[in-house]
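Q: next come a sequence and a model predicted from it.
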Protein chains: 2
Amino acid sequence: MPSVLEAMPLDRGTDILEQPGFDRAQELIGRLPLDRAADFVGAMSADRRADIFRRLSDPIRSRLSARLDEPIRASVQQLLAYPPTSAGRIMTTEFISMPADWTVERALQHIRAVGGTRETVYALYIVDPGTQQLRRAISLRQLILSDYDALVIEVGPPRKPITVSPLSDREEVARLISRYDLIAVPVVDDSRRVLGIVTVDDIIDAIVQESTEDVQKFGGMEALEEPYLHIRFGTMIKKRAGWLCALFLSEMLTASAMQSFQGELEKALVLTLFIPLIMSSGGNSGSQATSLVIRALALRELQVADWWRIAVRELPTGATLGTILGVIGLIRITAWQLLGFYDYGPHWKLIAATVGATLAGIVTFGSLTGSMLPFILKGLGLDPASASAPFVATLVDVTGLVIYFSVAYVFLSGTIL
Amino acid sequence: MPSVLEAMPLDRGTDILEQPGFDRAQELIGRLPLDRAADFVGAMSADRRADIFRRLSDPIRSRLSARLDEPIRASVQQLLAYPPTSAGRIMTTEFISMPADWTVERALQHIRAVGGTRETVYALYIVDPGTQQLRRAISLRQLILSDYDALVIEVGPPRKPITVSPLSDREEVARLISRYDLIAVPVVDDSRRVLGIVTVDDIIDAIVQESTEDVQKFGGMEALEEPYLHIRFGTMIKKRAGWLCALFLSEMLTASAMQSFQGELEKALVLTLFIPLIMSSGGNSGSQATSLVIRALALRELQVADWWRIAVRELPTGATLGTILGVIGLIRITAWQLLGFYDYGPHWKLIAATVGATLAGIVTFGSLTGSMLPFILKGLGLDPASASAPFVATLVDVTGLVIYFSVAYVFLSGTIL
């Protein structure tokens, strides 16, 4: 494949390398002779070029960089200087801008002349002829529906354009593009000069990637940067072992809790039968609440300041769900006792009451903990998406045991405890 | 607000109702006098109109429908007849098509004439002048960069257009748009006539909504159709109680399993101390594996037929992770024993070995179960995203107890068992 590419005309080869969905371009580039690779990279769109540069290994990147023409090298360096998920990193510098005093006709001629080399011709940026400051963002649609003699500054409604800074996170850019149905968002510097644009194509990839990261984090691991089947074994272990060990160490507190309740366990072994059932119910209700809040925070439906609105909703929700499970638990124990499937002893009614009340309490507690954890993480400046289902389950497990034995103590003290 | 809207000129009011991100339009429409509401709805874009119709209550929908002009009523009925997440439901019928024998100049004039009333002018569909079959999809960019005297059929490379059927799922449409960086995908009938188009704007909303549904399902509940704070209490309980009760009933098997091991528990109460730790480790590793596979299936990185490729990766991954946790568990028990924090009895070395070996086994089993569950669900024609973290944890919990007591039996038989 590299040799086929080497023999190809420049424009055909670039077409192949730029094909959307073709994610092995950096490999091919890395295997081509340096001069030929520099030709291809020079002919690419700026954001695709930056994307490939980011994925090249360090030695190839610096050798290739030295062969590039100065303006191209500078533009690559500039894009790579911004943080990885920032607007500055994913923007393209190939956009169309024009002075405010041009006519529509002149603008159309300009687009016909330069359009072939730009990322998009659908979003057009009108700048002040003197200061180069951004004054208006118009669409090609508005332009071609306008009178040819009109000035471009008069095209479309006189709205202040929506802009982002090069340091804005791509999630913020995605939110703007999706909310206002935009084709592109301009990235401006402090004096409102346009540095580049982020297009809707780039942002779809970003949205999909963010969602993947969120699901993986919610599953209780670090996000992977590549598809499952491309990840090497060692990387996979590294991404999973960290959280797994952290959760394991925290969960060891359950063993300590059980040890401290050993006296009760010896007297009332029957209580152990329901430990898995009770702990998992707390974890499950917590996992539901967490998934709701993480997603609502990601979509900006909720702010950190809204935490109390969620708390006052989750409290009755958790209590209702807990009561439902508590009643089912009560019925189960009563049925097994009366039908003779199992003998919970002379105080079976008290045991059933203990399990029922604990379930109601732990599901309420789980829902509240699960819904508040993402807020707490966000408030601490951490990623709320790290509030994974296993994290919540672990939190609820330890406290759940304490709740269980406390309730048991109240209900069974003087009988079997 | 409805009275303000009532007094407004039609085009200003429609602008407000069609504003992206404004999701209360159906409420306002429902409160306006019928005739005025019909005016607004008639002036809207077809897909926005269908969207609002979908959200209206049944009586208002039929009353309003009766007031609409015949062609508009027919187009609404047609869009609403397709399944909720199909291309047919989210497509717009307001697109630009033209016969293959037009010139570029004539096409541009046509766009200037009708462009104001179409969803997008950037994707253009070239049809056979006789049969109306779709022959080519070109972009406005390609058109304006072409020679004015050329025929539209000669614009752009002669590729067969990418199309979908009205019954295609929006996830499939999203995948095509994102993969090929398209502005819109045409929806064609069996004889390749264009029924409508799905634009990138619509698909971003669909991608975001699908991701939200996947996260909520992964959290162990039914997906909500509205933002958290808009959901009524009763609906919230309904969406969460179903799965919570199903999981609770399955988890009851742990109580039955514990009952059947009661003899062992009485003899070796010390084993109960590690039950929560062991069960949660299995659940956590399963949750990691499930999140990876669900996401890879959603992105079509994996097919159902790939299940064995995942199985042969998860087996060594799970075994490695399990060994890491097993060793930590061994160290913990040994340390507590030697440092005098707790006395696990004279056979503490065997107990430590039991816990260590069980952890290795259960994490391997959890990783395998967690990664295979989405494939099994998909193979059965169910939604793989229903393989939630709580679902996997429940599956692993019950089998985990059996593994634990079996390992204990092998290691401790003849000593404390």
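A: Yep, that arrived. Numbering: from 1, shown residues only, chains lettered A, B, ... in the order given.
Q: contacts and neighbour counts: CA atoms only from here.
A: Noted.
Q: close to chain B, is the strand or helix carrying residue A:330?
A: Using DSSP states H and E, residue A:330 falls within helix A:307-338. Yes. Residues of helix A:307-338 are located near chain B by C-alpha under 8 Å from any C-alpha of the partner chain, namely A:317, A:320-321, A:325.
Q: where along chain A do the strands fall?
A: Secondary structure of chain A, counting by DSSP state E: strands at A:96-99, A:123-127, A:134-139, A:184-188, A:194-199.
Q: using TSV, lay out those together with mean neighbour count.
A: Listed next are the strands of chain A as TSV, based on neighbours: other C-alpha atoms under 10 Å in any protein chain shown:
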stretch	mean neighbour count
strand A:96-99	21
strand A:123-127	23
strand A:134-139	22
strand A:184-188	25
strand A:194-199	24
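Q: got JSON lines for those strands, with distance to chain B and mean pLDDT too?
A: What follows is these, written out as JSON lines (distance: least, C-alpha to the nearest C-alpha, whole Å; pLDDT from 0 to 100):
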{"stretch": "strand A:96-99", "distance to chain B": "13", "mean pLDDT": "94"}
{"stretch": "strand A:123-127", "distance to chain B": "11", "mean pLDDT": "94"}
{"stretch": "strand A:134-139", "distance to chain B": "10", "mean pLDDT": "94"}
{"stretch": "strand A:184-188", "distance to chain B": "12", "mean pLDDT": "95"}
{"stretch": "strand A:194-199", "distance to chain B": "10", "mean pLDDT": "92"}
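Q: who wins on neighbours among the residues of helix A:307-338 next to chain B?
A: residue A:325 (25 neighbours; other C-alpha atoms under 10 Å in any protein chain shown).
Q: thinking it is in contact with residue B:249, fair?
A: No. Counting by C-alpha atoms under 8 Å, residue A:325 stays clear of residue B:249, with 9.2 Å between them.
Q: can you name the residue of the stretch 251-400 of chain A nearest chain B?
A: Going by C-alpha to the nearest C-alpha, chain B is nearest to residue A:288 of the stretch 251-400 of chain A, at 4.7 Å.
Q: and the closest residue to that residue other than its chain neighbours, what does it touch?
A: Of all residues not flanking residue A:288 in the chain, residue B:219 sits nearest, at 4.7 Å (C-alpha to C-alpha, 6 or more residues apart in numbering or on different chains). By C-alpha atoms under 8 Å, 6 or more residues apart in numbering or on different chains, residue B:219 lies in contact with A:284, A:287-292, A:389, B:388-390.
Q: quick check on residue B:219: phi, psi?
A: When read as degrees, to the nearest 10, the backbone of residue B:219 gives phi -80, psi -10.
Q: same check, this time on residue A:227
A: Torsion angles, degrees, to the nearest 10, at residue A:227: phi -60, psi 150.
Q: distance of it from chain B?
A: Noted for residue A:227: a distance of 7 Å to chain B, by C-alpha to the nearest C-alpha, to the nearest Å.
Q: mind listing what that residue touches?
A: By C-alpha under 8 Å, 6+ apart, residue A:227 lies in contact with B:296, B:301.
Q: need the pLDDT of it.
A: pLDDT recorded at residue A:227 is 84.
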